[in-house]
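Q: Can you look at this prediction? I've put the sequence above it.
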Amino acid sequence: MNWFNILKNIQISSQKTGSRDYVKPDEPEEDCLAWFTKLYQLMQGDTVYEKELYIEDYREYTNEKLWCPLKNNIKFERVSNFMQPGVQKLLFTSTVILSGERVEFECYVDVPEPSSKFGNNVDYTMIFTLYSTSGRIESEFFQYATTEKRYAYYSMYDQNRKLQLEKYKKVAEKVLKYIKGAL
């Protein structure tokens, strides 16, 4: 057998038994709207008052055009609360411009300053807002807790205040962990 026939046989056999191109299966598309909906529900705590966000159907409200860019562009800012010493806001914001409208997301959680702890006579708030300039998206929810002792003579208030603040702490911790996972 000459070299030409040997090389021809090698080429033919490599074509027959050659490895196939590996095609990676498509990963399921991330559902970023579901991420915002879960955050909205987490913020409500144990009792979910509103399961779904208020969003009208609109052709541009897709994962590619709106929800994933809104989620992926979340900016974080730590802001001191000048009205309440010892409290700071952890602020998360994002904006997406679509044709003819702007969609904005804002979420903030009040927490103690790093040098302080949950103290007396302080109010803590967490707010979730998602809205568009067209009015097709309007969702807002807030949780509120206070450590202020309004009536010193009412001893039951102390027990209720601690329960309320404990619930706020648990919800705030879940919300912050969830947002941190996306950043």
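A: Arrived safely, thanks for sending.

Q: can you pull out the strands in this protein?
A: Using DSSP state E, the strands of the chain run over residues 75-80, 87-98, 101-112, 123-132, 138-146.

Q: Quick one, which of those gets closest to residue 47.
A: strand 138-146 (10.8 Å; C-beta to C-beta). To be clear about C-beta, it is placed using only N, CA and C from the backbone, and glycine gets the same treatment.

Q: related to what we said a few turns ago, got the strands of the chain as CSV, with mean pLDDT and mean neighbour count columns?
A: As requested, the strands of the chain are exported to CSV (pLDDT from 0 to 100; neighbours: other C-beta atoms under 10 Å):
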stretch, mean pLDDT, mean neighbour count
strand 75-80, 90, 11
strand 87-98, 92, 17
strand 101-112, 91, 19
strand 123-132, 89, 19
strand 138-146, 84, 16
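
Q: To residue 49, which of the ones you listed lies closest?
A: Proximity to residue 49 (C-beta to C-beta) singles out strand 138-146 among the strands of the chain, at 7.6 Å.

Q: Report the distance from that closest one to the chain centre.
A: Taking C-alpha atoms, centre = their mean, to the nearest Å, one finds the center of strand 138-146 at 15 Å from the center of the full chain.

Q: Name every strand pairing with that strand and say which way it goes.
A: Strand 138-146 has the following strand partners under DSSP bridges: strand 123-132 (antiparallel).

Q: Pull the residues that contact the partner strand.
A: The list of residues contacting strand 123-132 from outside it, by C-beta atoms under 8 Å, 6 or more residues apart in numbering, reads 36, 39-40, 43, 53, 84, 87, 101-111, 118, 137-148, 165, 168, 171-172, 175.
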